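S.K.: Sharing a sequence plus its predicted fold:
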Amino acid sequence: MNNISKGTQDGTAALIEINCGFVPSKVDVYNTEGDAILLWVDGMGSGKGYKILGTGLGALIASGGIILSVETDDFIGFSIGADADVNVNGEELTWVAYR
C-alpha cells in the first residue's frame with residue numbers, strides 16, 4: 001500500500017480533481033512557474049491551506065485551497081481549488097499527497 005502519491009497537472013484556474021488512490025492527511029502543491037506553494041494538513045478544513053509566495057510571505061487562506069473528495073467506486077483523492085496564485089491556467093503544478 002502506497003503512503004505517498006505524486007504527480008503533475010497543468011493549472012486550470014478552476015477546481016482540479018486529483019485521483020491519488022487514498023484520502024490524504026497532507027497535501028503539498030507547488031506552482032514552479034508561478035513561484036507559489038500551497039500546503040494543507042488534515043484538520044485545516046475544506047478549501048483551506050497555507051500559501052507561500054516567492055517573496056517568502058505566507059498566510060492561511062480560507063478558500064481556493066485543498067478539498068478532500070468523497071470516496072466513490074472509481075475516485076478517491078482530493079481537489080486543488082482555484083486560488084489565483086497557485087492554480088494558474090497553463091502553469092505546471094506538482095503535487096504530493098501523503099496518507
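M.R.: Thanks, I have it. Numbering: from 1, shown residues only.
S.K.: Any chance you could give me stretch 55-72 in PDB, C-alpha atoms only?
M.R.: Taking Å, rounded to 0.1, in the frame of the first residue of the first chain, the C-alpha atoms of stretch 55-72 are listed here in PDB:
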ATOM      1  CA  THR A  55       8.600  36.600  -1.700                       C
ATOM      2  CA  GLY A  56       8.700  34.300   1.300                       C
ATOM      3  CA  LEU A  57       5.500  35.600   2.700                       C
ATOM      4  CA  GLY A  58       3.000  33.000   3.800                       C
ATOM      5  CA  ALA A  59      -0.600  33.200   5.000                       C
ATOM      6  CA  LEU A  60      -3.600  30.900   5.800                       C
ATOM      7  CA  ILE A  61      -6.200  31.000   3.100                       C
ATOM      8  CA  ALA A  62      -9.900  30.400   3.800                       C
ATOM      9  CA  SER A  63     -10.900  29.300   0.200                       C
ATOM     10  CA  GLY A  64      -9.300  28.100  -3.000                       C
ATOM     11  CA  GLY A  65      -7.200  25.600  -1.200                       C
ATOM     12  CA  ILE A  66      -7.400  21.800  -0.900                       C
ATOM     13  CA  ILE A  67     -10.700  20.000  -0.800                       C
ATOM     14  CA  LEU A  68     -10.900  16.300   0.200                       C
ATOM     15  CA  SER A  69     -13.100  14.300  -2.100                       C
ATOM     16  CA  VAL A  70     -15.800  11.900  -1.100                       C
ATOM     17  CA  GLU A  71     -14.700   8.300  -1.900                       C
ATOM     18  CA  THR A  72     -16.600   6.700  -4.800                       C
END
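S.K.: if I read this right, residue 16 contacts residue 87, doesn't it?
M.R.: Yes. The pair residue 16 / residue 87 is scored as a contact, 6.6 Å apart, by CB atoms under 8 Å. Bear in mind the C-beta positions are built from the backbone N, C-alpha and C, glycine included.
S.K.: OK, contacts around the closest residue to residue 80 other than its chain neighbours?
M.R.: Excluding the flanking residues, the one nearest residue 80 by CB to CB, 6 or more residues apart in numbering is residue 16, at 4.5 Å. Residues in contact with residue 16, defined by CB atoms under 8 Å, 6 or more residues apart in numbering, are 9, 79-80, 87, 93.
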